[in-house]
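1. Give me a model of this one.
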Amino acid sequence: MNNHIISLIDEIDTAENVKVKHIIDKFEKKVKQGINTYVDKSGLDDYKMNEYDYIVLYTLWKTINISKYIEEYLIIIYSYYKLEDFYFSSYKFKTKNVLNLLDNRKTTIVLNILINNII
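-> Modelled structure (predicted):
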């Protein structure tokens, strides 16, 4: 992971008083467990965060400016372009505030801009 990504993570860690990498590792583990329940796993192999995903996470966090929703931001990222057909169980994932975040117009604007720039 390059220094720029590390500095983005550090900024979130400091502002939120959390360990983003730890949250992401736990999230990826839950996603992998969920994937293992699927018979057809095609299209579900992109469950690990890459550097671009960290930039998307940081941009969502910085733009929307709602604290303590790191896992919810991850669910949005994964639902929007990483694992489109994956089911995020409300028993395993923090889904309670996802709809509120999606209702925030800034969320869809940021995602559309970022995604359109990589296509």
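2. Which residue is the nearest non-sequential neighbour of residue 33?
-> Once flanking residues are discounted, residue 33 sits nearest to residue 92: 7.7 Å by CB to CB, 6 or more residues apart in numbering. (Glycine included, C-beta is placed from N, CA and C.)
3. Residue 88 and residue 79 touch, don't they?
-> Yes - between residue 88 and residue 79 there is a contact at 6.9 Å, judged by CB atoms under 8 Å.
4. Can you list the neighbours in contact with the helix or strand where residue 99 lies?
-> According to DSSP states H and E, residue 99 maps onto helix 98-103. Residues from elsewhere that reach helix 98-103, judged by CB atoms under 8 Å, 6 or more residues apart in numbering: 64, 66, 69, 72-73, 75-76, 88, 107-108.
5. filter those to the buried ones?
-> In the contacts of helix 98-103, burial by neighbour count holds for 64, 66, 69, 72-73, 75-76, 88, 107, counting by 16 or more other CB atoms under 10 Å.
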